[in-house]
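J.: Below are the sequence and a predicted model; questions follow.
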Amino acid sequence: MSTTRPRMVRVVDSHTGGEPTRVVIDGAPDLGGGSVAEQLEVFRSDFDAFRSAVVNEPRGSDVMVGALLVPPQDPTCAAGVIFFNNVGYLGMCGHGTIGLGVTLARLGRIQPGNHRIETPVGVVTATLNPDGSITVANVPSHRKAKQVRVDVPGLGQVVGDVAWAGNWFFLVGEHPWKLELSRVEELTDVTWRIRQAVNSQGYPEVDHVELFGPGVAKDADSRNFVLCPGKAYDRSPCGTGTSAKLACLAADGKLAEGTPWIQESILGSRFVGEYHWIDRAAGVVAPKITGTAHVNAEARLILDEADPFCWGIRT
Ligand code: PYC
């Protein structure tokens, strides 16, 4: 039996289109200040066990995304945030920013209007709209490589674009797979193989893979399946993934500036995206994503050193 008093961590859970976010609001380690990018490095090197304790089993699951509130360095920001998952850290997280927005609104920490938030990859803006939805103005996004051919063992050649939108994506539009929830195991298997091939064939930075197909709802422009870095699939349409799609559509001249793009997830939940050019010649866009989230738990996590799985099950 441990004599150390268990540590208590206050969290608020929400889901955005089915994808969970767990915001840590109290009991987190002190990361020492500085920019949020600098605080992420301290989190990664000194407190990675805390990440695992919050999101991994037995308290969390492979699909859980954590959000650690930290002091922003930028004085114009309402908050700083570091997003993390079952295997590490995210640059940005669109569904997580929407979850963070409804969480802060529930706690009375933000009112309707615009709120700047510092992330490790730049400042984003979360707008709490009068109807309770959140619009996220994401970091500048661009396509790095068009129509990259990769040889995927067991699948043959797959062609896709590489794009940055706060995380790195490989986006595949032409493929034989049906984007249906009942096929999640097959979709996970193929996107995992694609990711490994993309990583070994020139793009080691890519850690998300997206398959696109036609929307199922009449008004949807597209449906996607998004594989996240730790092999869980995104239940939402993925905010950074939808931003990456907007950057590719813009670069191909397939979607006009300011035109709404309805992106469905594999569950049928949706984000509405649009973009504006930042630098047309360089192909850099400012994407915006609107979605809704629902708070579904407020809890205190108990971190008891006497618990053999206090720091989560790490694979
Ligand atoms: O919504 O950007 C997103 C996201 C990234 C990973 C999971 N969700």
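T.: The structure has been received and is ready for your questions.

J.: Verify the contact between residue 217 and residue 268 for me.
T.: Yes - between residue 217 and residue 268 a contact is recorded at 6.8 Å, counting by C-beta atoms under 8 Å. (Glycine included, C-beta is placed from N, CA and C.)

J.: More neighbours: those two, which one.
T.: Neighbour totals were compared for residue 217 and residue 268, and residue 268 leads with 15 against 11 (other C-beta atoms under 10 Å).

J.: who's in contact with that one?
T.: Shown in contact with residue 268 (C-beta atoms under 8 Å, 6 or more residues apart in numbering): 216-217, 223.

J.: For the stretch 151-300 of the chain, which segments count as strands?
T.: Along the stretch 151-300 of the chain, the segments classed as strands by DSSP state E, counting those that start in this stretch run 156-164, 168-172, 208-213, 222-227, 261-264, 270-279, 284-291, 293-303.

J.: which outside residues touch the fourth one?
T.: Identification of contacts with strand 222-227 by C-beta under 8 Å, 6+ apart yields 177, 179, 184, 187-188, 191-192, 195, 208-216, 233-234, 237-238, 241-242, 245, 261-266, 268.

J.: Can you select the buried ones from those residues in ChimeraX?
T.: For the buried members of those, the matching ChimeraX selection, counting by 16 or more other C-beta atoms under 10 Å, is:
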select :179,187,188,191,195,208,209,210,211,212,213,215,233,234,237,238,241,242,245,261,262,263,264,265,266
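
J.: Quick check: residue 40 is in a helix.
T.: Yes - under DSSP: H, G, I helix; E, B strand; the rest coil, residue 40 sits within a helix.

J.: residue contacts, the spatially closest residue to it that is not a sequence neighbour?
T.: In this structure, residue 40 finds its nearest non-sequential neighbour in residue 120, 4.4 Å apart by C-beta to C-beta, 6 or more residues apart in numbering. Residue 120 makes contact with 36-37, 40, 82, 89, 91-92 under the criterion C-beta under 8 Å, 6+ apart.

J.: thinking again about what came up before, filtering the contacts of strand 222-227 by proximity to the ligand, which remain?
T.: The subset of the contacts of strand 222-227 within reach of the ligand, by C-beta under 6 Å from any ligand atom, is 234, 238.

J.: quick one on the thing from earlier: so which of the contacts of residue 120 is the closest to residue 255?
T.: Set against residue 255, the nearest of the contacts of residue 120 by C-beta to C-beta is residue 92 (21.0 Å).

J.: In contact with that closest one, which residues are there?
T.: Residues in contact with residue 92 (C-beta under 8 Å, 6+ apart) are 83, 119-122, 124, 138-139, 165-167, 239-240.
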